[in-house]
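1. Dropping the sequence and predicted coords here.
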Amino acid sequence: MPTLLPAASRLLLLPRALLSMASGSPPAQPSSASGSAYVPGSVSAAFVTCPNEKVAKEIARAVVEKRLAACVNLVPQITSIYEWKGKIEEDSEVLMMIKTQSSLVPALTDFVRSVHPYEVAEVIALPVEQGNSPYLQWVRQVTESVPDSSTAPL
């Protein structure tokens, strides 16, 4: 009959990822040589719906120029079904998928609300827990220095 190891010894045999899954915490991320490992949740994907492609492109270009976003993807011809003022509505819209730093989401939201034609603009953001590390680092790098309008060239 095989000898059973004590519980603590058996845990040492489990890979680190399995241990972290069992404990409910994410596995430790290996740090790169530069110490710039991705911090889960530091980048967000924000979603905004627009009434048409012209409005979506104008907002997308503006948020990238202002460095409130590194990239905006436009998904045309989505159908939105929602309740508005007591009626069920159905509209064709354009979905904007905006990649930005999580810390910039409040400023992004304020800007979108200031230029969006809807009475109540949809701006929702989800933190990115994992992804292609070089891409996520690029998002942070591009949005790292938000231009100051007082020092921007004329």
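-> Nice, I can see it.

2. quick check: mean pLDDT across whatever helix or strand Ser92 lives in?
-> Secondary structure from DSSP states H and E places Ser92 in strand 87-101. Strand 87-101 comes out with an average pLDDT of 98.

3. Give me the buried stretch members for it, please.
-> For strand 87-101, the neighbour count (16 or more other CB atoms under 10 Å) marks 93-96, 98-101 as buried. The way it works is simple: take the backbone N, C-alpha and C, and place the C-beta from them, glycine included.

4. Those residues into TSV, with extra columns for distance to Arg61?
-> Putting the buried residues of strand 87-101 into TSV (distance: CB to CB, whole Å) gives the following:
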residue	distance to Arg61
Glu93	18
Val94	14
Leu95	16
Met96	11
Ile98	12
Lys99	15
Thr100	15
Gln101	19
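
5. Please identify which of those residues is nearest to Val139.
-> Ranked by distance to Val139 (CB to CB), the buried residues of strand 87-101 are led by Lys99 at 5.0 Å.

6. Which members of the buried residues of strand 87-101 are the farthest-apart pair?
-> The most distant members of the buried residues of strand 87-101, if one measures by CB to CB, are Glu93 and Gln101, lying 25.6 Å apart.

7. ok now do the spatially closest residue to Val139 that is not a sequence neighbour, which residues does it touch?
-> By the measure of CB to CB, 6 or more residues apart in numbering, the closest residue to Val139 outside its immediate chain neighbours is Ala70, 4.2 Å from it. The contact partners of Ala70, taken as CB atoms under 8 Å, 6 or more residues apart in numbering, are 64, 99-100, 138-139, 141-143.

8. can you pull the pLDDT of Ala70?
-> The score at Ala70 is 98. That number is its pLDDT.

9. How confident was the prediction at Ser25?
-> For Ser25, the pLDDT comes out at 46.

10. who does Val48 bridge with?
-> The partner list for Val48 in beta bridges (DSSP bridges) reads Met96, Val123.

11. okay, now it: neighbour count?
-> Residue neighbour count, defined by other CB atoms under 10 Å, stands at 27 for Val48.

12. now Leu74
-> 14.

13. Generate a PyMOL selection restricted to the buried subset of the contacts of Ala70.
-> Taking 16+ other CB under 10 Å as the burial criterion, the selection of buried members of those in PyMOL is written as:
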select buried, resi 64+99+100+139+142+143
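
14. Show only the entries of the contacts of Ala70 found in strands.
-> Judged by DSSP state E, strands contain the following of these: 99-100.

15. Perfect, that will be all.
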